[in-house]
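Engineer: Model the following, please.
(chains A, B, C and D, ligands or ions: 4)
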Amino acid sequence: MVIFDGVRKVYGQDSIGLDRLSLSIEHGEFVFLVGPSGSGKSTFIRLLIKEIEADEGTITVGGRNLNSMRRGRVPYLRRSIGCVFQDYKLLPGRTVHDNVAYALQVTGETPRGIRRKVPEILSLVGLSEMAQRLPDELSGGEQQRVSVARAFVNHPRLLIADEPTGNLDPDTSIGIMQLLYRINRTGTTVIMATHDREMVDKMQMRVVALDHGRLVRDQRRASYSRADVGAARTPPAG
Amino acid sequence: MVIFDGVRKVYGQDSIGLDRLSLSIEHGEFVFLVGPSGSGKSTFIRLLIKEIEADEGTITVGGRNLNSMRRGRVPYLRRSIGCVFQDYKLLPGRTVHDNVAYALQVTGETPRGIRRKVPEILSLVGLSEMAQRLPDELSGGEQQRVSVARAFVNHPRLLIADEPTGNLDPDTSIGIMQLLYRINRTGTTVIMATHDREMVDKMQMRVVALDHGRLVRDQRRASYSRADVGAARTPPAG
Amino acid sequence: MRPGFFLAEALRSIRANAAISIAATVTVLIAVFILGAFIPSFLYVQNTVDQQKDKVDINVFIADSATVQQVNGLQRNIDGLREQGLVRESTYVSKDDALADLRERLRDPSVLEELPSNPLPASFNVLPADPGQSQQIVVALQGHPAVDADLGISFASDTADRLLTVARVIQYAGGALILVLLVASILLIGNTIRLSFVARRREVEVMKLVGATNWFIRWPFVIEGILFGLAGATVAVAMLFGIKVLVVDSWAADADSALTRNDAGTIGFLALAAILVAAGAIVGALGSGITLRRFLRV
Amino acid sequence: MRPGFFLAEALRSIRANAAISIAATVTVLIAVFILGAFIPSFLYVQNTVDQQKDKVDINVFIADSATVQQVNGLQRNIDGLREQGLVRESTYVSKDDALADLRERLRDPSVLEELPSNPLPASFNVLPADPGQSQQIVVALQGHPAVDADLGISFASDTADRLLTVARVIQYAGGALILVLLVASILLIGNTIRLSFVARRREVEVMKLVGATNWFIRWPFVIEGILFGLAGATVAVAMLFGIKVLVVDSWAADADSALTRNDAGTIGFLALAAILVAAGAIVGALGSGITLRRFLRV
Ligand SMILES: Nc1ncnc2c1ncn2[C@@H]1O[C@H](COP(=O)(O)OP(=O)(O)OP(=O)(O)O)[C@@H](O)[C@H]1O
Ligand SMILES: Nc1ncnc2c1ncn2[C@@H]1O[C@H](COP(=O)(O)OP(=O)(O)OP(=O)(O)O)[C@@H](O)[C@H]1O
Ligand SMILES: [Mg+2]
Ligand SMILES: [Mg+2]
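Structural biologist: Numbers count the residues shown, from 1 in each chain, chains lettered A, B, ... in the order given. Ligands and ions are numbered 1, 2, ... in the order given. Alright, predicted model coming up:
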């Protein structure tokens, strides 16, 4: 589904985002992306949706080479990927409902489809009652959940989440996590960048660890830290 | 230091921010503010710096009644409070250095003082090398640390942090936590809203729990969840 | 369904960004208003001057003693000048015509009754093709034996010069100003629309990240631009109409006003209104469409 | 130290918000340029017309047969009109003066040598206080025994009317346009500055949350506004100066041009430049300062 081959991204002169990363993620996998602050997790994600472009190496998503992809095709790539952004990236002038609906409207979804799908996903993330609020009128965690809802609503084949639980309390986090897990079980590939040690440890999924833009660990059924390797204290949730 | 007396805040028609909250925080205390997403933690903090105003009840900060405070005095209130915002609230056109320096400039700090204090605090949060970057050129966690540095640089008597570690990896979080703890030891009152169960459990400080804007728990030397009451598994870090 | 969606999006954006909407509309309003006030004023002044300029004539007075042959010779000379393109028209005014003329122009024609004989000379009234060339015509006819030695050839050389000067000044200054105003209007509207995008740059970025194509983002903005253009231009036209009805028409109706005697035409109001509104809409649409290009390279 | 800090902040903001800075400067530039082009053009046209208007005179021809008493009576009548404020000035032109005058104005004065006697009448040359009241003066003097029955009183009634018409049209239209332009400039600049704040509203909010006082936030913006005003006005004045040197002065130097003969004054360039630049700076400062008020209620 996703293949990174020797990908390097340097911001400006000398700020290293990713450093010769090679990585392959299969269809239907669930991958945790971990690493200290500034290790390149968001850079990885931004490269995947071609928000930025690699300096070296090739990136393939769903069989399509991003390096040679024409500018005009990029919107279609992005529609096939659901993305939860670290800073939410909600449209400030639109209500919660309209923010989620926008992701459907760009694909040409009918008003009927929108009327059906949006309330459905909003109730899944627990925001049914806030459909008519503006992003400014939401708490941090609520905004984060809107971003999650928008990424899910299209039922994309690839789902990327950059710290989707950073501003959520443990209970809500587990709810979102279960949602991601259920989506993954239907065949969607899920990549999730996170700092939530508890969650990663509990799920025991594939963990890709970055540091200073380099791949420092890529392990199946693993925990947040290397120290915990193999020490699967809890079985996968679900 | 901080006294809330029957404070109620309703946004718009019926969105409850805080519901008749009474709470008193002494000089030099360290308080964790916990609660599910949307429970009113940020509302509490926004009321403290008079970003919003209470509908009912009185709020006193450092002996000054916020309800009757003149508009012109508000900037001086805010200077005496260091605040880490949940969404960072950095000035987009300014470098990391200038963002932090701005908090000193508003108080009339001399250029010499700025040249001394800013690099000091930036190295404390591990951003020395990024002093000349713009916020856009930082990772989520790095932006969060700039917000922390700006709140600390003034050595305020009251320090408020709204999820200061939401986008940080566990190691960096601990660093920030230790910093907050050290500051608290010098006599500064610290109020920290957080979802980080691990951290709260480890620190064993006063915990104030909110739910739907109501105070549901106020306990000394406590853990994140009520279930953990009294079960102090680890001694306070430091 | 799509046009409806884009229109709805445009209206949503207008409501959500009131400050920007007002600013853009006010800019169009001002630009259109100034053009709308200036163009007819300029045309009116220009036409007034032109009309007056055309009335400048030359009188070639004929001596009472001139023979018919001499007068015919003078007539041929003038016809020659017409063939050269110097003279537009010439009329023979007999002594009787002149007296009749004078009688008409006098308040109290009775004074004329006491005249023993007609003291007025016959003349050719010559309209130069170009009032600037009057002097040339005078030189060409001067000294002809049929011309009255005393009265000679009279032409309001000062009047001609004055009107010519005014006409030329107005034409150059006014033309230059209209050009400046046109360019300025387009720049100003483009400017405002560009600023309105700076304020919404982040929004456009997010739209792109969510998978919107360039045209999906652009259409609502273009429609918004058209609506700003239409709204601004319509209000400007309404204001101009108010001014026309209340001020200009009431001047014109005032019988004592010098303006009444002036039937210089200007551009019709409906034509002007149509041009201004259409221009507003087009400039708005182009302003939005073009400005957006920069922001779509996200 | 503080002024230095605020200036530095203003410059930082200008660099950081290039699009906004350019937009604001261009708006001031356009507004000042239009005013700067329009005001002197208008004054020039107005002065030209006024000057021509002032030259409109009335000739009261005196019969050769009039007695000295009669002429003195006429003189007294005219003086009376002057006391009534109708007449600005009157000059007695004797028969000799008239002939000398004519001789000067003729290309070939030799024709005059052959005259058996001086055929020209003496006259009073009367300058009306207001050319619009010429008719009144004529009526008042008409029929006086000293006035030549044939020649009577001549005044270029058409010329006067024409120039008056033009003058009035230009005065009203031009005055109205200057007013419109002034108001429009202020609105446009205020508009642009307001928009530039919409784009930076979040920034101002953050500043307030960090403990900046209103004036701490406002000063850099006001200085920024002054700098936009100065920059825009200076560029506009430079452009106007270029146009003056390249176009207007070269017209004036062109000896064949009708303009040469026109010595109508207009406003001096230095005075105009100073006024425009100062106005730009003040409008910029006020625009920023006032607009910001709304955003400081955070
Ligand atoms: N636009 C940019 N210009 C310069 N440097 C940048 C830019 N964006 C990111 N960086 C740098 O690249 C590195 C990787 O950033 P990235 O956002 O990928 O980190 P991250 O792993 O997502 O961190 P976090 O957990 O804090 O969000 C960081 O050191 C950051 O400072
Ligand atoms: N401007 C607003 N208008 C309307 N409702 C608001 C507004 N701001 C906050 N709220 C509502 O008030 C409640 C409390 O919000 P608050 O931001 O205090 O929550 P929080 O505890 O900080 O949550 P989180 O952990 O998600 O940040 C939420 O239900 C939120 O939807
Ligand atoms: Mg990140
Ligand atoms: Mg919050």
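
Engineer: And the strands in chain A?
Structural biologist: Counting by DSSP state E, chain A has strands at residues A:2-11, A:15-25, A:30-34, A:56-61, A:64-65, A:81-84, A:158-162, A:189-193, A:206-211, A:214-219.

Engineer: so how many other residues sit close to the residue of chain A found nearest chain D?
Structural biologist: Closest residue of chain A to chain D, C-beta to the nearest C-beta: residue A:92 (9.7 Å). For the C-beta atoms, the positions are set from N, CA and C on the backbone; glycine is no exception. A count of nearby residues for residue A:92, using other C-beta atoms under 10 Å in any protein chain shown, gives 14.

Engineer: my read: it touches residue A:143, true?
Structural biologist: No. Under the criterion of C-beta atoms under 8 Å, residue A:92 makes no contact with residue A:143, lying 10.6 Å away.

Engineer: Where do the helices of chain A begin and end?
Structural biologist: All helices of chain A, identified by DSSP state H, fall at A:41-48, A:74-79, A:96-105, A:111-124, A:140-152, A:170-185, A:197-203.

Engineer: Any stretches of the chain with poor pLDDT?
Structural biologist: Looking at chain A here, since you left the chain open. Within chain A, the stretches with pLDDT under 70 are A:227-238.

Engineer: Hmm, no, I was thinking of chain C.
Structural biologist: For chain C (pLDDT under 70), the answer is C:1, C:48, C:52-55, C:102, C:104-116, C:155-167, C:169, C:248, C:250-267, C:297-298.

Engineer: how about the strands in chain C?
Structural biologist: Residue ranges of the strands in chain C, as given by DSSP E, are C:58-62, C:87-93, C:122-128, C:153-155.

Engineer: Chain C contacts on chain A?
Structural biologist: Chain A comes close to chain C at residues A:49, A:51, A:72, A:75-79, A:83, A:85, A:89-94, A:102-103, A:105-107, A:110-111, A:150, as judged by C-beta under 8 Å from any C-beta of the partner chain.

Engineer: Can you turn the buried part of these into a ChimeraX selection?
Structural biologist: Provided next is the ChimeraX selection string for whichever of those are buried by 16 or more other C-beta atoms under 10 Å in any protein chain shown:
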select /A:49,51,75,77,78,79,83,85,89,90,91,93,94,102,103,105,106,107,150
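
Engineer: one step back: what's the spacing between the residue nearest to the residue of chain A closest to chain D when sequence neighbours are not counted and chain C?
Structural biologist: Of all residues not flanking residue A:92 in the chain, residue A:135 sits nearest, at 5.8 Å (C-beta to C-beta, 6 or more residues apart in numbering or on different chains). As judged by C-beta to the nearest C-beta, to the nearest Å, residue A:135 and chain C stand 11 Å apart.

Engineer: right, and residue A:135 touches residue A:96 too?
Structural biologist: Yes. In this structure, residue A:135 is within contact of residue A:96 by C-beta under 8 Å, at 7.4 Å.

Engineer: okay, and the common contacts of the two?
Structural biologist: Common neighbours of residue A:135 and residue A:96 are listed as residue A:146 (criterion: C-beta atoms under 8 Å, 6 or more residues apart in numbering or on different chains).

Engineer: of those two, who's got more company?
Structural biologist: Per other C-beta under 10 Å, whichever of residue A:135 and residue A:96 has more neighbours is residue A:96, with 28 against 19.

Engineer: right, and the more buried one touches residue A:128 too?
Structural biologist: No. Using C-beta under 8 Å, residue A:96 is not in contact with residue A:128, being 9.7 Å away.

Engineer: Overlap of the contact sets of these two?
Structural biologist: In contact with both residue A:96 and residue A:128: residue A:122, using C-beta under 8 Å, 6+ apart.

Engineer: OK, contacts around residue C:154?
Structural biologist: C:58-59, C:61.

Engineer: Equivalent analysis for residue C:203, please.
Structural biologist: A:91-93.

Engineer: now those in TSV, with distance to residue D:268?
Structural biologist: Listed next are the contacts of residue C:203 as TSV, based on distance: C-beta to C-beta, whole Å:
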residue	distance to residue D:268
A:91	55
A:92	52
A:93	51
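
Engineer: what about residue C:80, how many neighbours?
Structural biologist: 12.

Engineer: and if you look at residue A:220?
Structural biologist: Per other C-beta under 10 Å, the neighbour tally for residue A:220 reads 10.

Engineer: Nothing else from me, thank you.
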